[in-house]
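K.L.:
got a predicted model here, sequence first, then my questions.
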Amino acid sequence: MATRKSLLDLTNISVPTHVAIIMDGNGRWAKQRGLPRQAGHRAGVENLRRVIDACVEFGIKILTIYAFSTENWGRPESEVRGLMRIFSRVLDQELNELHEQGVCLHHLGDLGGINASLQEKVLNALELTKDNDRLILNVAFNYGGRAEILHAVSEMLADNVSPTELNEQIFSSYLFTHGLPDPDLVIRTSGELRVSNFLIWQAAYAEFYPAPEYWPDFGREELFQALVAFSGRDRRFGLLSED
Ligand code: IPE
Ligand code: IPE
Ligand code: MG
């Protein structure tokens, strides 16, 4: 039987266009239960399904998730291998449903660094969903903000962008997020207060929301609470408050 959804009142909520999430705490979630870290990663992926559904329900247009950082390669090989297996399985199992739901997948990061069969699955998923427009889902995978900036600079040099014409708009057009608005809200689960190399250019004026829950426990109601907090923020962008 489907669980009944509680009614959440969105009337006074200003829903951000672009929400970005640092999905953190899978390992601690598992440890708390005496389970291996891999069980936490599996629970994390299951949770993603709930959060995607909630984003669609709340009318969020762009969701960016931090799934695997350039630094995460330094974890034990068994954990890295386990994570790659999970990502590959998710693409096999969830792609059709995501497509039917109208999700358009984008990848942020360096695909070249991952194994050929996973690369092929990702490219296939991007191609299949490219015309969908209900929710843009950016998956930051083998992503690092510094690597992204270096990549942009190197492409600009290759294109002979002149130092006098360079501006923020041109620079942004060389980032993996080109064509998309910057995130309005960055959520980090598990109570950590760090950016950990995530969207370091794009999040310049994002509102930051640390959620205490570990990622597998951060669901629809917790996302709603983040939107409530966001609605109460006074975004000044360096100017003076309107009141
Ligand atoms: C986030 O959970 C998932 C990835 C970084 C891939 P962690 O694996 O970082 O979980 P903790 O922070 O150790 O609890
Ligand atoms: C950030 O989490 C990366 C992802 C969520 C994919 P980490 O767990 O890797 O970050 P640190 O090590 O706590 O900064
Ligand atoms: Mg972590």
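P.N.:
Structure's in. What do you need? Numbering: from 1, shown residues only. Ligands and ions are numbered 1, 2, ... in the order given.
K.L.:
buried residues of stretch 174-191, list them for me.
P.N.:
174-177, 180, 182-190 (16 or more other CB atoms under 10 Å). Every residue, glycine included, has its C-beta placed from N, CA and C.
K.L.:
er, stretch 66-74 I mean
P.N.:
Neighbour-count burial for stretch 66-74 [16+ other CB under 10 Å]: Y66, A67, F68, S69, T70, N72.
K.L.:
quick one: the fourth one from I60, how far?
P.N.:
Shown here: S69 relative to I60, a distance of 23 Å by CB to CB, to the nearest Å.
K.L.:
on that earlier part again, and the buried residues of stretch 66-74 near ligand 2, which?
P.N.:
Under the cut-off given by CB under 6 Å from any ligand atom, ligand 2 has Y66, A67, F68, S69, N72 from the buried residues of stretch 66-74 close to it.
K.L.:
just those that are near ligand 1?
P.N.:
F68, N72.
K.L.:
dump the ones next to ligand 2 among the buried residues of stretch 66-74 to a markdown table, plus pLDDT and secondary structure.
P.N.:
Below are those laid out as a markdown table (pLDDT from 0 to 100; DSSP: H, G, I helix; E, B strand; the rest coil):
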| residue | pLDDT | secondary structure |
| --- | --- | --- |
| Y66 | 98 | strand |
| A67 | 98 | strand |
| F68 | 98 | strand |
| S69 | 98 | strand |
| N72 | 98 | helix |
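K.L.:
wait, which of the ones next to ligand 2 among the buried residues of stretch 66-74 is closest to R146?
P.N.:
Nearest to R146 among those is S69, at 10.5 Å by CB to CB.
K.L.:
quick check: the closest one touching N197?
P.N.:
Yes: using CB atoms under 8 Å, S69 makes contact with N197 at a distance of 6.0 Å.
K.L.:
which neighbours do these two share?
P.N.:
G144 (CB atoms under 8 Å, 6 or more residues apart in numbering).
K.L.:
on that earlier part again, tell me the one among the buried residues of stretch 66-74 nearest to R37.
P.N.:
Nearest member of the buried residues of stretch 66-74 to R37, counting by CB to CB, is N72, at 12.1 Å.
K.L.:
would you confirm that the closest one contacts V80?
P.N.:
Yes: using CB under 8 Å as the test, N72 is close enough to V80 to be in contact (7.1 Å).
K.L.:
which ones are touching the residue in the chain positioned nearest to ligand 1?
P.N.:
Per CB to the nearest ligand atom, G27 is where the chain lies closest to ligand 1, at 2.8 Å. Contacts of G27 were listed using CB under 8 Å, 6+ apart, and they are R37, G40, H41.
K.L.:
and if we set it to 6 Å?
P.N.:
R37, G40 (CB atoms under 6 Å, 6 or more residues apart in numbering).
K.L.:
against which helices or strands is whatever helix or strand I86 lives in packed?
P.N.:
I86 is part of helix 77-100, with elements assigned from DSSP states H and E. The contact analysis (3 or more CB pairs under 6 Å, 6 or more residues apart in numbering; DSSP states H and E) places helix 77-100 against helix 37-58, helix 116-129.
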